[in-house]
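Q: all I have is the shape, not the residue letters:
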Ligand SMILES: [Zn+2]
C-alpha cells in the first residue's frame, strides 16, 4: 500500500465523487507502477452522471487513451472497457465490464466481479442507459454483500453503488428513494465523495423546496468544487443557476409546498380563445386521467403532448383552451394547463365547471397504477390547492363522482387513490 502515491487526477470531469481510496488500493494490490496509473485513470472517465453532460462542454478527451493489451493483473476486458470510456461509448464500456464480471465469476474471483459490476453500472449510468445501470448496480450490490464487511472493495463499492442508485432515483423523480441511497452512501464516505453526496442531498432538498435540509447539507460540504457541483446541478435540476425564489407564471409557488408548476410558456401553449369564462370562486377539485396511453419520459415529450391535447380541445371540441387546469405526467412533473383565472372544460357542464379545478393525470390508468412520482405530485397539488383556497377534503372529487361518464374517468384505480387521499391526506403521500 505504501508504494502507491495518491495523486489527484486533474481531469475536471473527475475525481471528487469517485472513490480515490478504492482505486489506489486496488492498484497497489495488483502489479503497481503502470497498472496503478491505469487504474487511477480509469474511474475519472466513467464518472457516472458526468457523462450525461458529454454534450455540454467539458470533456474527458484530454486523458490519453490507455494502452490496449493484456497486462498482468488488469482484466483484459477492463482495458477494452476503458478504451470505450475514453471514446465516450459508455454502453459498450458497460458491456465489457459486464463481460469482465462474467469471467471473474467463472474464475471464482468475487472482488473483481464486484468491481466490474460497479464499473458497469457507472458506465451505463453515464451513457444514460438507466435500466442496464440499475441491473448492474443491483447485481453489484449482491456480489458486494458476499465479501467480508471490512473488505475495501466492499466498502468503497457499496458507496459507489448507493451513490449510483441514488442518481438513478433522482433522475427518475423518486426523490425519497434517492435520499435513502445517498444517506447509505454517506455512512462510510469520506472527503470529496462525502462532499458530493451532501451536494446531491442539497439538490434533492432544493427540488423538494425544503430550504432547511438544503442549507443543512450545504453546511456539511468542506470543499466547494464549483465546476463539478455546477455539472451536478445541471444534470439533476436542469439548470446551472441557483433556483429563483419564485417561479414564473401561475406558478407563484404555493406557500409551504415543494410544488413547482411548469407554466404554460414551457410547453408553448397557444393563447386561449376569446370564449373563456371567468373561473369564479375556486371551491372544488376534480381528478381525471387523459385516457390515452402515455409513456413519455422527457419533459419535451410531455410538452408536445400538451400542445396536441390543446389543439384537439380547441379545434375539435371548440373549447377556449386546453380543458384542464393542471396536467401531471408520469415523471411527476406538474404542468399548468388552462389558467386558474378561467373556468375549465372538464367536468361535463358549465355548472359543474364553475370554480372547479380540473387536474388530469396524463396516461390511461383504467387497468394500471400511476407511478409513485405521479401519485405524489397529485397529492401535493391537491394539498397546495386546498390550502390556498381553503377547500375541505369533501370538495375533492373524481370525474365519475361529479358526473358519471361513458368512459368511467378516471377508472377504479385512481378512484381508490382519491378515496385514500380523502380519508388520510397526510398518509396518502409518501
Ligand atoms: Zn375525466
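A: Right, received. Where do you want to start? As the structure is a computational prediction, the values presented were derived from the model and not from experiment.
Q: helix, strand or coil for residue 275?
A: Reducing the assignment at residue 275 to three states with DSSP: H, G, I helix; E, B strand; the rest coil gives coil.
Q: quick check: the spatially most central residue of the chain vs the ion, distance?
A: The central residue of the chain, meaning the one whose C-alpha is nearest the mean C-alpha position (CA atoms, centre = their mean), is residue 171 at 1.6 Å. Shown here: residue 171 relative to the ion, a distance of 31 Å by CB to the ion, to the nearest Å. Backbone N, C-alpha and C define where each C-beta goes, glycine included.
Q: thought that residue was touching residue 131?
A: No - counting by CB atoms under 8 Å, residue 131 is not a contact partner of residue 171; they are 11.9 Å apart.
Q: on the three-state scheme, residue 239 is what?
A: Quick answer, by three-state DSSP: residue 239 is coil.
Q: ok, it - contacts?
A: Remark: with contacts taken as CB atoms under 8 Å, 6 or more residues apart in numbering, residue 239 is in contact with residue 233.
Q: what's the local residue count around residue 95?
A: For residue 95, the tally of surrounding residues (other CB atoms under 10 Å) stands at 20.
Q: swap that for residue 368, please
A: When neighbours are counted by other CB under 10 Å, residue 368 registers 11.
Q: that one: what's it in contact with?
A: Contact criterion CB under 8 Å, 6+ apart gives residue 413 as the residues in contact with residue 368.
Q: how much space between it and residue 326?
A: Counting by CB to CB, to the nearest Å, the separation of residue 368 from residue 326 is 21 Å.
Q: check residue 185 too.
A: Look at residue 185 and residue 326: by CB to CB, they are 35 Å apart.
Q: please give the element, helix or strand, for residue 397.
A: For residue 397, the host element (DSSP states H and E) is strand 396-398.
Q: would you mark the buried spots in that strand?
A: Taking 16 or more other CB atoms under 10 Å as the neighbour-count basis, strand 396-398 is seen to contain the buried residues 396-398.
Q: and those residues as CSV, adding distance to the ion?
A: Supplementary listing: the buried residues of strand 396-398 in CSV, determined by distance: CB to the ion, whole Å:
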residue, distance to the ion
396, 14
397, 10
398, 8
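Q: and which of those is nearest residue 142?
A: Here the nearest of the buried residues of strand 396-398 to residue 142, counting by CB to CB, is residue 398; it sits at 42.0 Å.
Q: didn't the closest one look like it was pressed against residue 413?
A: No - at 10.8 Å, residue 398 does not count as touching residue 413 under the criterion of CB under 8 Å.
Q: in the stretch 1-150 of the chain, what residue is nearest the ion?
A: With CB to the ion, the shortest gap between the stretch 1-150 of the chain and the ion falls at residue 130, namely 31.7 Å.
Q: so what's the residue count around that residue?
A: Counted by other CB under 10 Å, the residues lying close to residue 130 total 15.
Q: burial measure for residue 391, as a count.
A: Residues within reach of residue 391, counting by other CB under 10 Å, total 18.
Q: now swap in residue 373 and tell me
A: 19.
Q: over to residue 126?
A: Here the neighbour count serves as a burial measure; for residue 126 (other CB under 10 Å) it reads 28.
Q: shouldn't it be in contact with residue 90?
A: Yes - taking CB under 8 Å as the definition, residue 126 is a contact partner of residue 90 at 4.7 Å.
Q: ok, the residue of the stretch 1-150 of the chain closest to the ion - contacts?
A: Contact analysis of residue 130 by CB under 8 Å, 6+ apart lists 124, 168, 171-172.
Q: same deal with residue 96?
A: Neighbour list for residue 96: 77-78, 80-81, 84 [criterion: CB under 8 Å, 6+ apart].
Q: the ion contacts on this structure?
A: For the chain, the contact set with the ion under CB under 5 Å from the ion comprises 288, 399, 409.
Q: residues in contact with the closest residue to the second one other than its chain neighbours?
A: On the basis of CB to CB, 6 or more residues apart in numbering, the spatially nearest residue to residue 399 that is not a chain neighbour turns out to be residue 409, at 4.1 Å. Going by CB under 8 Å, 6+ apart, residue 409 touches 288-289, 291, 398-400.
Q: same deal with residue 143?
A: With contact taken as CB under 8 Å, 6+ apart, residue 143 is in contact with 101, 110, 113-114, 117.
Q: mind doing that once more with 10 Å?
A: Neighbour list for residue 143: 101, 104-105, 110-118, 153-154, 157, 161 [criterion: CB atoms under 10 Å, 6 or more residues apart in numbering].
Q: and it, which helix or strand is it part of?
A: Using DSSP H and E, the element containing residue 143 is helix 130-144.
Q: so where's this protein shaky on pLDDT?
A: For the chain, applying pLDDT under 70 flags the ranges 1-73, 240-258, 427-430.
Q: and the lengthiest helix in it, what does it pack against?
A: As assigned by DSSP state H, the longest helix anywhere in the chain is helix 152-171. Based on contacts counted as 3 or more CB pairs under 10 Å, 6 or more residues apart in numbering; DSSP states H and E, the elements that helix 152-171 packs against are helix 20-29, helix 110-126, helix 130-144, helix 175-186, helix 191-208, helix 226-237.
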